[in-house]
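Participant: here's my sequence, what's the structure:
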Amino acid sequence: MSTLTDNSMTNHHALGLLYQIGETLHVWHERYRTRRELTHWTARDLHDVGLSWSDIAYEADKPFWRA
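Facilitator: Numbers count the residues shown, from 1 in each chain. Predicted coordinates:
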């Protein structure tokens, strides 16, 4: 004889989907934030990491959903 519990009736797929959506939104926000932060770096900062202003412009112009 089996009994139903609250846990057995949970839709685990929906929880997984919500988690994936949350993770995607987090990644998009981090991309947006870090790309905007790059635009405030100084010439010395860029030189230290080996980037040019054109590298920064290219990266900053990308939409947040593009890696």
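Participant: spatially speaking, which residue is in the middle of this structure?
Facilitator: Most central residue of the chain, judged by C-alpha distance to the mean C-alpha position with C-alpha atoms, centre = their mean, is Val27 at 0.8 Å.
Participant: which elements pack onto the helix or strand hosting that residue?
Facilitator: Secondary-structure element containing Val27, defined by DSSP states H and E: helix 12-38. Contact partners of helix 12-38 among helices and strands, from 3 or more C-beta pairs under 8 Å, 6 or more residues apart in numbering; DSSP states H and E: helix 53-60. All C-beta spots, glycine's among them, are computed from the backbone N, C-alpha and C.
Participant: just the CA atoms of the helix it packs on, as CSV, please.
Facilitator: Taking C-alpha atoms only, helix 53-60 is exported to CSV below (Å, rounded to 0.1, in the frame of the first residue of the first chain):
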residue,chain,number,x,y,z
TRP,A,53,39.9,50.9,-25.6
SER,A,54,38.6,49.1,-28.7
ASP,A,55,38.4,45.8,-26.8
ILE,A,56,36.4,47.6,-24.1
ALA,A,57,34.1,49.3,-26.6
TYR,A,58,33.5,45.9,-28.4
GLU,A,59,32.7,44.2,-25.1
ALA,A,60,30.5,47.1,-23.7
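Participant: give the buried residues for it.
Facilitator: Along helix 53-60, the positions that meet the burial threshold by neighbour count (16 or more other C-beta atoms under 10 Å) are Ile56.
Participant: which secondary structure elements does it contact?
Facilitator: With contacts defined as 3+ C-beta pairs under 8 Å, 6+ apart, the secondary structure elements packing on helix 53-60 are helix 12-38, helix 43-49.
Participant: thanks a lot, catch you later.
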